[in-house]
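Colleague: Provided below are the primary sequence and the corresponding predicted coordinates.
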Amino acid sequence: MDMDMTRIHTFHSPTRLVFGVNAAQQVGAEVKALGGTTALIVTDPGIEQAGLLTVVADSLTAAGITFQVFKEVEPNPTDATCAKGLAAYRAAEANAVVAIGGGSAMDAAKGIGLLATFGGRIQDFEGPGKVPGPIVPLVAVPTTCGTGSEVTHVSVITDPARSWKMSLASAHLAPRTAVIDPLLYTKLPGHIIAATGMDALTHAIESYTNRWAEPFADALDIEAIRMLGANIRPAVANANLEAMTNMALAATMAGMAFTNTILGIVHAMSHPITCYYGVPHGIANAILLPTVMEFNLIGAPHRFARIAAALGEPVEGLSVMEAARRAVEAVRELNDDLGIPPDFSDTPFSDEIIEKMADDAMKSRNIQINPRRVTRAQIVELFRQVGQFEYDDDDDDDD
């Protein structure tokens, strides 16, 4: 599979980008330019404890923007969190939202802005194209190098009652402005850089290889893969500014790409793993990625061969399939170097939960655009390859 020449290709990226060291000092001016006078800052306790709120708060004050802070966002934010955030927004009499943090803070901010504009429950907007119009001005300030949520039109909110991650998808959810300051990333611990960096790499690889791949996203994806492959190891080792600047740029580029092309079965499978077992999203993606790549190779061999080259693998003189397999090995080696487990043996999957996770995975629209057609039975087998360690060997011997 390569580019579908029968399609009309489109690319949309509505978010204004402000990128560079000390860019966070411009947040206040960006909120003011959008007409904001009072902002709700949406974040999590860790961002405040790390001292990352100060530069944003100072910038808002300097621009004459009053603000309140909502810092109750948890990993995998829930519908209840969005409702609490809405109450905080109304209490502050805000007319703009500033999200600072990782994907959870930005997803929650999108949900809060959505409810502040249209009311109702977050479940009312589940699925693609359910948002009727623009939401309140939203400025996103990412502090992790992975989710791409600062430029995507998707918000992922957990509904605990259903053990389900809801995806809300609309161009109206994209932040008006993303302020990307690599200096904020240098305070991240290595394990967070590893998890979020592999999340970004998964975005770029799935976007580049799926059946909706298109030329504008291709350019962003392959360069993001190259930059992530070259910089993630030094970024994890010492979070130096050069490496983190490249990581921040690559993560945003991958986000711009996949918001147009969507993803693949890594994400279809990782969301239920997070819901049922609490594995961090980036780690779940990283563990799944090489196994799923190996499964998908025959669906896009030329593209996986280019991924291998972008990751620095010596592919000259190899056949297309030989080069494509080098991409899988490169990702496995990368996980190993970053200290990411090769499987889910720390949280082994039971047969019962695998069946439930397979049902949930098959509901994802990522299933339909995966480079290789996939059945529910194959999804079950892939889950077992990476995480099923509860077979009774004695029973197997008796068969």
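Modeller: Everything's here; your move.
Colleague: start to end distance for stretch 335-344?
Modeller: 13 Å (CA to CA, to the nearest Å).
Colleague: give the rounded mean pLDDT of that stretch.
Modeller: The pLDDT scores in stretch 335-344 average 95.
Colleague: contacts for it, please.
Modeller: 191, 194-195, 197-198, 232-233, 236, 273, 277, 279, 283, 286-287, 289-290, 332, 386-387 (CB atoms under 8 Å, 6 or more residues apart in numbering). The way it works is simple: take the backbone N, C-alpha and C, and place the C-beta from them, glycine included.
Colleague: would you mind measuring from Thr261 to Phe295?
Modeller: To Phe295, Thr261 is 19 Å away according to CB to CB, to the nearest Å.
Colleague: who's more crowded, the two?
Modeller: Using other CB atoms under 10 Å as the criterion, Thr261 and Phe295 rank with Thr261 on top: 25 against 20.
Colleague: dump the residue contacts of that one.
Modeller: Contacts of Thr261 by CB under 8 Å, 6+ apart are 207, 210, 212-214, 217, 369.
Colleague: now Ile283
Modeller: 195, 198, 340-341.
Colleague: apply 6 Å and report the result again.
Modeller: Residues near Ile283 by CB atoms under 6 Å, 6 or more residues apart in numbering: Ala195.
Colleague: tell me the mean pLDDT over stretch 286-306?
Modeller: pLDDT averaged over stretch 286-306 gives 97.
Colleague: which stretches of the chain form strands?
Modeller: 16-19, 38-42, 66-70, 96-101, 127-128, 138-142, 154-159, 164-169, 177-180 (DSSP state E).
Colleague: show me where the stretch 51-200 of the chain has helices.
Modeller: 53-62, 79-91, 103-118, 182-185, 190-209 (DSSP state H, counting those that start in this stretch).
Colleague: ok, and what's touching the second one?
Modeller: What that stands for is helix 79-91. Contacts for helix 79-91 (CB under 6 Å, 6+ apart): 40, 70, 72, 108, 111-112, 115-116, 122, 157, 159.
Colleague: quick one: the residues you listed as TSV, columns for pLDDT, distance to Leu311 and neighbour count too.
Modeller: Supplementary listing: these in TSV, determined by pLDDT from 0 to 100; distance: CB to CB, whole Å; neighbours: other CB atoms under 10 Å:
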residue	pLDDT	distance to Leu311	neighbour count
Leu40	98	41	28
Phe70	97	40	25
Glu72	91	39	16
Ala108	95	33	31
Gly111	95	35	28
Ile112	96	38	32
Leu115	96	41	24
Ala116	96	42	21
Ile122	91	38	25
Ile157	91	33	26
Asp159	88	37	16
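Colleague: now those in JSON lines, with distance to Ala62?
Modeller: As requested, those are exported to JSON lines (distance: CB to CB, whole Å):
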{"residue": "Leu40", "distance to Ala62": "18"}
{"residue": "Phe70", "distance to Ala62": "21"}
{"residue": "Glu72", "distance to Ala62": "26"}
{"residue": "Ala108", "distance to Ala62": "26"}
{"residue": "Gly111", "distance to Ala62": "28"}
{"residue": "Ile112", "distance to Ala62": "24"}
{"residue": "Leu115", "distance to Ala62": "29"}
{"residue": "Ala116", "distance to Ala62": "25"}
{"residue": "Ile122", "distance to Ala62": "33"}
{"residue": "Ile157", "distance to Ala62": "33"}
{"residue": "Asp159", "distance to Ala62": "39"}
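Colleague: pLDDT-wise, which helix or strand of the protein ranks last?
Modeller: helix 393-398 (a mean of 39; mean pLDDT, DSSP states H and E).
Colleague: now for Gly64, how many residues are close by?
Modeller: 10.
Colleague: need the pLDDT of the nearest residue to it once chain neighbours are set aside.
Modeller: Leaving aside its chain neighbours, Gly64 sits nearest to Lys32 (7.1 Å; criterion: CB to CB, 6 or more residues apart in numbering). Listed pLDDT for Lys32 reads 97.
Colleague: wait, doesn't Lys32 sit right on Ala62?
Modeller: No - using CB atoms under 6 Å, Lys32 makes no contact with Ala62, being 10.0 Å away.
Colleague: between those two, which one's more packed in?
Modeller: When neighbours are counted by other CB under 10 Å, Lys32 and Ala62 differ, and Lys32 comes out ahead with 17 against 13.
Colleague: quick one, domains of the chain?
Modeller: 16-185, 190-387 (automatic domain parsing).
Colleague: any idea how far the last one is from the chain center?
Modeller: What that stands for is domain 190-387. Mean-position distance between domain 190-387 and its chain equals 11 Å (CA atoms, centre = their mean, to the nearest Å).
Colleague: that one: end-to-end distance?
Modeller: End-to-end distance (CA to CA), domain 190-387: 25 Å.
Colleague: longest helix in this protein, please.
Modeller: Secondary structure of the chain read by DSSP state H shows that its longest helix is helix 215-238.
Colleague: name the residues of it that are buried.
Modeller: Neighbour-count burial for helix 215-238 flags 216-218, 220-232, 234-236 (criterion: 16 or more other CB atoms under 10 Å).
Colleague: now swap in stretch 154-164 and tell me
Modeller: 154-159, 164.
Colleague: burial measure for Pro75, as a count.
Modeller: Neighbours of Pro75 (other CB under 10 Å): 14.
Colleague: can you list the low-confidence ranges for the stretch 201-350 of the chain?
Modeller: Residue ranges of the stretch 201-350 of the chain with pLDDT under 70: none are present.
Colleague: mind listing the helices for it?
Modeller: Under the criterion DSSP H, counting those that start in this stretch, the stretch 201-350 of the chain contains helices at 215-238, 241-261, 265-277, 281-296, 301-310, 320-338.
Colleague: could I get the ones you listed as a markdown table with distance to Thr177?
Modeller: Shown next, in a markdown table, are the helices of the stretch 201-350 of the chain (distance: least, CB to CB, whole Å):
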| stretch | distance to Thr177 |
| --- | --- |
| helix 215-238 | 19 |
| helix 241-261 | 12 |
| helix 265-277 | 26 |
| helix 281-296 | 24 |
| helix 301-310 | 30 |
| helix 320-338 | 31 |
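Colleague: so which of these gets nearest Ala94?
Modeller: helix 241-261 (25.5 Å; CB to CB).
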